[in-house]
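S.K.: below are the sequence and a predicted model; questions follow.
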Amino acid sequence: MRVRILGCSGGIGAGLRTTSILIDDDILIDAGTGVGDLTLDELKRIHHVFLTHAHLDHTAGLPLFIDTAFSTFADRPIEIHALADTIAALEAHMFNGVMWPDFCVLPSREHPVMRFLPLEAGERVTVHGRHVHAIEVRHAVPAVGYCVQAEGKVLAFSGDTARNQTLWPVLNAYPNIDALLIEVSFPNAQAELARHSGHYCPQSFADDIRKLRHKPEIWLTAMKPGEEQTIFDEVRAALPRLPIHRLARGDEIRL
Ligand SMILES: [Zn+2]
C-alpha cells in the first residue's frame, strides 16, 4: 500500500495544504486543498473518496476536483463514501446549485458524475483488496477516522477528534497497526480551545495514546500553521519513548 500525503495542515499559506491522502492511485481520503496538486491524469484515476467529516479543510477541494475530471466521471461516476450527516451537509451547503452545481444530477440524473454512498461508523468497504473501515471519533460535527488494511498492513487515520472512547478499542482489535496518522491541532496553551472545538492538544493526545496496545510509527497531522514546532516538541516531551514524526505534505509512506 502506497500512502501519499497531499495535504496535512490545519490551515493554508505558502507551501501548506489541508488534509488529503491518496491511497495507491485510486482511493482518496478527504479532499482538502492538497488534492489540487495532483495532475489531471492523477485526478482521473481516483475512483473512491472517503470523507472523515464535512468541515472545509477536509472537503474544500472536492467541487473543483470533480469539475476538473468531469468527462472521466461522466463515463464512470466517482463514489463519495461518508456518514449520512456529512452527505446531508454537502448536499445542503456545497453541491446545492448555488455554491456549486449538484453533480448527483449532472450530466443527467440517470448517469451522474458523482454518487454519494452513505457509510456508518463500524462499516467496512472493500476496494480491490483494500479494506477501508470507518471508526467513530468525537469532533464538533459527526466524524469518523479510517483504518485501511491491505496485505496484512494497517494504516490508521484519526481524522479530526478530541479525546474519545471509540477509536482506541477498534485499533486494539486489529492484530497490528503499522502507521498511525493522528491529529494534534493545537498546542497545550490552547487546550481549552482544542477541547471546545473537538481536537487534541499534546496533553490530551498523550493521555489517550496510552490506551493503544500497539506501537505503530506515529505521524502528527492537522497542526495549526505556526504552531507545528511547539506541538511537536510538546508531544515528544510528553511521550519520549514513542516513535513520533511530523507529517508533511509530499511524504510517502509505504506499507
Ligand atoms: Zn474538523
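M.R.: Thanks, I have the structure now.
S.K.: quick check: closest non-adjacent residue to the residue in the stretch 151-255 of the chain that the ion sits nearest to.
M.R.: Closest contact between the stretch 151-255 of the chain and the ion, by CB to the ion, is at residue 160 (3.6 Å). Glycine gets a C-beta too; all of them are placed from N, C-alpha and C. Using CB to CB, 6 or more residues apart in numbering and skipping residues adjacent in sequence, the residue nearest residue 160 is residue 139, 4.6 Å away.
S.K.: OK, contacts around the one you found?
M.R.: Residue 139 is in contact with 53, 159-162, 198-199, counting by CB atoms under 8 Å, 6 or more residues apart in numbering.
S.K.: and if you look at residue 248?
M.R.: 5, 8.
S.K.: distance check, it against residue 74.
M.R.: With distances taken as CB to CB, to the nearest Å, residue 248 is found 35 Å from residue 74.
S.K.: which SS class is the residue nearest to residue 160?
M.R.: Applying DSSP: H, G, I helix; E, B strand; the rest coil to residue 139 yields a three-state assignment of coil.
S.K.: do you know the pLDDT at it?
M.R.: Note on residue 139: pLDDT of 98.
S.K.: the ion versus that one, what's the distance?
M.R.: 6 Å (CB to the ion, to the nearest Å).
S.K.: residue 149 now?
M.R.: Residue 149 is 24 Å from the ion, by CB to the ion.
S.K.: what's in contact with the helix or strand containing that residue?
M.R.: Per DSSP states H and E: residue 149 is located in strand 144-150. By CB under 8 Å, 6+ apart, the surrounding residues in contact with strand 144-150 are 1, 23, 27, 29, 50, 52-53, 83, 119, 121, 129-137, 154-159, 161, 167, 170-171, 174, 177, 255.
S.K.: just stretch 75-91 next, same as before
M.R.: 46-51, 53-54, 59, 62, 66, 69, 102, 104, 111-121, 125, 132, 134, 141-144.
S.K.: recalculate using a threshold of 6 Å.
M.R.: 48-51, 53-54, 112-119, 125, 142 (CB atoms under 6 Å, 6 or more residues apart in numbering).
S.K.: cool, and stretch 2-21?
M.R.: By CB under 6 Å, 6+ apart, stretch 2-21 touches 22, 24, 29-35, 37, 57-58, 155, 185, 221-225, 247, 249, 251-254.
S.K.: just the buried ones from the residues you listed?
M.R.: Buried by 16 or more other CB atoms under 10 Å: 22, 24, 29-35, 57-58, 155, 185, 221-224, 247, 249, 251, 253, out of the contacts of stretch 2-21.
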